[in-house]
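*Asks:* Turn this into a model:
(chains A and B)
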Amino acid sequence: MKRRLSREREDSPSSCEGPTDSCKRVRQPTEDSGDLPPDWARLPQEILLHIFQFLPLLDRAFASQVCRGWNEAFHMPELWRCFEFELNQPASSYLKATHPDLIKQIIKRHSNHLQYVSFKVDSSTESAEAACDILSQLVNCSLKTLGLISTARPSFMELPKSHFISALTVVFVNSKSLSSLKIDDTPVDDPSLKVLVANNSDTLKLLKMSSCPHVSPAGILCVADQCHGLRELALNYHLLSDELLLALSSEKHVHLEHLRIDVVSENPGQQFHTIKKSSWDAMVRHSPKFNLVMYFFLYEDEFGPFFRDEIPVTHLYFGRSVSKEVLGRVGMNCPRLVELVVCANGLRPLDEELIRIAERCQHLSAIGLGECEVSCSAFVEFVKMCGRRLSQLSIMEEVLIPDHKYSLDEIHWEVSKHLGRVWFPDMMPTW
Amino acid sequence: MVVNSVHWFRKGLRLHDNPALQEALNGAETVRCVYILDPWFAGSANVGVNRWRFLLESLEDLDTSLRKLNSRLFVVRGQPTDVFPRLFKEWNVTRLTFEYDSEPYGKERDAAIIKMAQEYGVETAVRNTHTLYNPDRIIEMNNHSPPLTFKRFQAIVNRLELPRKPLPTISQEQMARCQTKISENHDERYGVPSLEELGFKTHGDSSHVWKGGETEALERLNKHLDRKAWVANFERPRITAQSLFASPTGLSPYLRFGCLSCRVFYYNLWELYMKLRRSSSPPLSLFGQLLWREFFYTAGTNNPNFDHMEGNPICVQIPWDHNPEALAKWAEGRTGFPWIDAIMTQLRQEGWIHHLARHAVACFLTRGDLWISWESGMKVFEELLLDADWSVNAGSWMWLSCSAFFQQFFHCYCPVGFGRRTDPSGDYIRRYIPKLKDYPNRYIFEPWNAPESVQKAANCIVGVDYPKPMINHAENSRLNIERMKQVYQQLSHYRGLSE
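*Replies:* Predicted coordinates:
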């Protein structure tokens, strides 16, 4: 039996007109009945929607050119809840950008459908401006999530601050139900945070604002005081204060799940303030399961204020060199530690420090060691003590120093034995 | 039937362990050894003067060795597809031999030549000696796909039989049976060109560090083995400041051009180990350098896009920045970070840098600091680095930029700290950046932090006599870690640091 596809493709990309009649014509069942021809034009909208949701945007757009019915489906609000605007200039990026015509169409027809929006921006100022431009037009939007993501150099910081702020506040004022906001590396400031809080304090759950130099501790404190549903927060150390931690631990506040702190040195010899142990204790009492993630990018001699008292850090990352002494303090004062990464240490073996960490950090399950030194025996001892809780063990091969007990070839057997799986150190090509 | 052979040198620039050449000699009446020099190649931006010099010296060395056997090297200008038909006719060629080239471009070129040879009634004989093993064999044993972790690769190699033993060098007797007709004007027509003829201005500087050729390669091999015997310890050597300087026993460029057979190196190491250790068999780690090379050849052999990010199935798509100005500063050693600049200066002047130095500059360019594509770095290395061939260069850059091979990206090399830890004396910096030689050790890796008085005393003001640092390392490494995480957390196979 001959089945004729009832579709007719339009050659031009303009919106289709008219083929519904031809669709109707072909829809007649053929002489040999009992088998109805597939009638794509009559597929219920809900099914179409379901299928379209699987298609990448470009394929969906092609499908929308087939007939009016499919074109209508393409524009159903449900398909426009999530969108990621990719804004790249050929001069500064290898990646393709979202087509300007598509952007226009979205703003015209779908801005009030958008709920989960992100902007991926390359290192050129034009891309950041384009993002602001779009933001300023999202007046009918009620966004739930907004992410401003720089894929290379932070170009939002190159914009005039007022320009950026006014675009952002359009969203803050109009959305009123923002739940998740990612604005790292942007020139957001205290007044705009006030606007955010004034409109979204009931709904805000996640706020990531690492490296926002125009925000002050008071500004972020205002957020913590008003947004009692805040569960995830990322910021730089200079914004952290005892008051902030206490605000986050107040009775009205939900349990905090995730707190990420970046400690970055602007100039060598920078002084950092301390946080009282009592503030951390309050946090742990209020939110016993929260993750405290700390990234350190400091010179070795800037660690003075840190790790003097017990601190509930769970994920600790040292992006530059950290001294043996500080690692010793980490062992003493970080009982909740789950993950530890040390990019570099130096040429004195970290044997004792590692053993102490194995002893006292009973939750440690992931460790990464870069330019450090550990004797093979101490390393085996460390692994033995941690045992199978170590799900991630990423050690550069150069770290392990063979000694009288173990050579490099033997060590991987020993370690594999104690871990209960095959393990090898990380290697780098020697060429 | 009269056999007139032509052996085509491409890599494999040696007379020892050269079964393809032996095959050319086998029962032949005449043999001509040919090297085809694409004239456009000299003008191509991507081969620097050091690489040219090394190649020409290697060709001179071959010519000298062939002279001792009453033969000569024939350097022919042109492209193989044009040159061969002419030579086939002129010399009545009946047999063409060459060493197998496993790289995708090489395979394509050779397939065309073999087909053409058939049309001319020329039999071809190809032998695999540039790598220890045939890459296809390794791929077959790994379920028909190349191993993408070094450990997996080693596991496969462990199951293979040992590499075929190397053949001895071509002997007088072998050559005596074959004639090579040398014309009076051989030097004019087929002589090895000089650098000047290729368009380089050399300023008469003949003191360069790496001398090309088989003779030099074999001498170095002996010294290399002597040194190992003296050390009597086959553990991975600890890097010292001295390791950064060009070693008189370094072998990597000679392996790349094939001046030294990798199997000769392999078996020499083997025998030395057995002699000193008297144990049953050497560990794979003894052959580290050779196996890494083998690993990348295998990974690249069936992947014509191995040297790109786009369209390369094994390469993570990372949104690198496009920044020609920053790239130029890195390539020309003007970053303002003495450690990076010294390394890039050594690379440009001499054509070789230690592998840890490579890690440092590759990390700085890509995932560590500048966030520029590894392809750009690869091209600079291709131009300047003597031992950079297609597979190893592309593969290493992907590895070092965490673009492939399941690398952990947390490990970032600090352009100040790493240098200081590797060379506390600062002598390496002083040697390659003489402007900084009067800086005290405390500041030589970060001269911008030196007080004005120190800068004045050293007669080198940062921002005037030496560039200011082009970026803030702490800030950039923080940003870049975030970028890498953004990319990796979307990959299903990511098993790494969670936060």
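
*Asks:* any weak-confidence spans in the chain?
*Replies:* Just so you know, I chose chain A. Filtered on pLDDT under 70, chain A yields the residue ranges A:1-36.

*Asks:* um, chain B though
*Replies:* In chain B, residues with pLDDT under 70: B:39-45, B:204-207, B:230-238, B:280, B:492-499.

*Asks:* Report the residue ranges of every domain in it.
*Replies:* B:1-129, B:131-166+B:214-302, B:324-495 (the TED database).

*Asks:* can you give me the strands in the chain?
*Replies:* In the absence of a named chain, this looks at chain A. A:82-87, A:116-121, A:145-150, A:180-182, A:206-208, A:232-236, A:258-264, A:291-297, A:315-321, A:339-344, A:366-371, A:374-375, A:392-395, A:400-401 (DSSP state E).

*Asks:* Actually, chain B is the one I wanted.
*Replies:* Here chain B has its strands, by DSSP E, at B:4-9, B:30-37, B:73-77, B:95-99, B:123-127.

*Asks:* Mean neighbour count for these - can I get that in JSON lines?
*Replies:* (Glycine included, C-beta is placed from N, CA and C.) Formatted as JSON lines, those follow (neighbours: other CB atoms under 10 Å in any protein chain shown):
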{"stretch": "strand B:4-9", "mean neighbour count": "24"}
{"stretch": "strand B:30-37", "mean neighbour count": "22"}
{"stretch": "strand B:73-77", "mean neighbour count": "21"}
{"stretch": "strand B:95-99", "mean neighbour count": "23"}
{"stretch": "strand B:123-127", "mean neighbour count": "17"}
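
*Asks:* Give me every residue in the stretch 301-431 of chain A lying close to chain B.
*Replies:* Within reach of chain B by CB under 8 Å from any CB of the partner chain, the stretch 301-431 of chain A has these residues: A:315, A:317, A:319-321, A:339, A:341, A:343-344, A:346-347, A:366, A:368, A:370-371, A:392, A:394, A:396-398, A:402, A:407-409, A:424, A:426-431.

*Asks:* Could I have the buried ones of the residues you listed as PyMOL selection syntax?
*Replies:* Here is the PyMOL command that selects the buried residues among these (16 or more other CB atoms under 10 Å in any protein chain shown):
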select buried, chain A and resi 315+317+319+320+321+339+341+343+344+346+366+368+370+371+394+396+397+398+402+408+424+426+427+428+429+430+431
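
*Asks:* gap between the closest residue to A:Glu359 other than its chain neighbours and A:Glu397?
*Replies:* Leaving aside its chain neighbours, A:Glu359 sits nearest to A:Met385 (6.6 Å; criterion: CB to CB, 6 or more residues apart in numbering or on different chains). Look at A:Met385 and A:Glu397: by CB to CB, to the nearest Å, they are 22 Å apart.

*Asks:* next one: B:Leu244
*Replies:* 19 Å.

*Asks:* residues in the stretch 251-400 of chain B within reach of chain A, list them.
*Replies:* Checking the stretch 251-400 of chain B against chain A by CB under 8 Å from any CB, the hits are B:252, B:283, B:285, B:288-289, B:292-293, B:295-296, B:309-310, B:319-323, B:355, B:358-359, B:371, B:373, B:387, B:392, B:395-396, B:399-400.

*Asks:* mind running it again at 6 Å?
*Replies:* Selection of the stretch 251-400 of chain B residues close to chain A by CB under 6 Å from any CB of the partner chain yields B:Pro283, B:Gly288, B:Gln289, B:Trp292, B:Pro319, B:Asp321, B:His322, B:His355, B:Trp371, B:Ser396, B:Trp399.

*Asks:* contacting residues for A:Ala131?
*Replies:* Taking CB atoms under 6 Å, 6 or more residues apart in numbering or on different chains, we find A:Ala131 in contact with A:Leu87, A:Phe119, A:Val121.

*Asks:* Tell me the one among these nearest to chain B.
*Replies:* Taking CB to the nearest CB as the measure, chain B lies nearest A:Val121 of the contacts of A:Ala131, at 10.1 Å.

*Asks:* Kindly confirm whether my reading is correct that that closest one touches A:Leu87.
*Replies:* Yes - counting by CB atoms under 6 Å, A:Leu87 is a contact partner of A:Val121 at 5.0 Å.

*Asks:* what's the overlap in contacts for the two?
*Replies:* Common neighbours of A:Val121 and A:Leu87, using CB under 6 Å, 6+ apart, are A:Ser127, A:Ala131.

*Asks:* Between these two, point out the one with more neighbours.
*Replies:* More crowded of A:Val121 and A:Leu87, by other CB atoms under 10 Å in any protein chain shown: A:Val121, with 30 against 25.

*Asks:* what is that one paired to in the beta sheet?
*Replies:* A:Leu87, A:Ser150 (DSSP bridges).

*Asks:* would you list every one of the helices in the stretch 1-150 of chain A?
*Replies:* For the stretch 1-150 of chain A, the helices defined by DSSP state H, counting those that start in this stretch occupy A:19-26, A:45-52, A:57-64, A:68-74, A:100-105, A:125-136.

*Asks:* Tell me which of the domains of chain B lies nearest to A:Arg68.
*Replies:* For those, the distance to A:Arg68 is smallest for domain B:324-495, at 36.0 Å, taking CB to CB.

*Asks:* returning to that earlier point: output the strands of chain B as a markdown table; include the columns distance to A:Arg356.
*Replies:* Shown next, in a markdown table, are these (distance: least, CB to CB, whole Å):
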| stretch | distance to A:Arg356 |
| --- | --- |
| strand B:4-9 | 61 |
| strand B:30-37 | 63 |
| strand B:73-77 | 65 |
| strand B:95-99 | 56 |
| strand B:123-127 | 58 |
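
*Asks:* and of those strands, who's closest to chain A?
*Replies:* Comparing the strands of chain B by CB to the nearest CB, strand B:95-99 comes nearest, at 21.1 Å.

*Asks:* Show me what the closest one is packed up against.
*Replies:* Taking 3 or more CB pairs under 6 Å, 6 or more residues apart in numbering or on different chains; DSSP states H and E as contact, the helices and strands that strand B:95-99 lies on are strand B:4-9, helix B:19-25, strand B:123-127.
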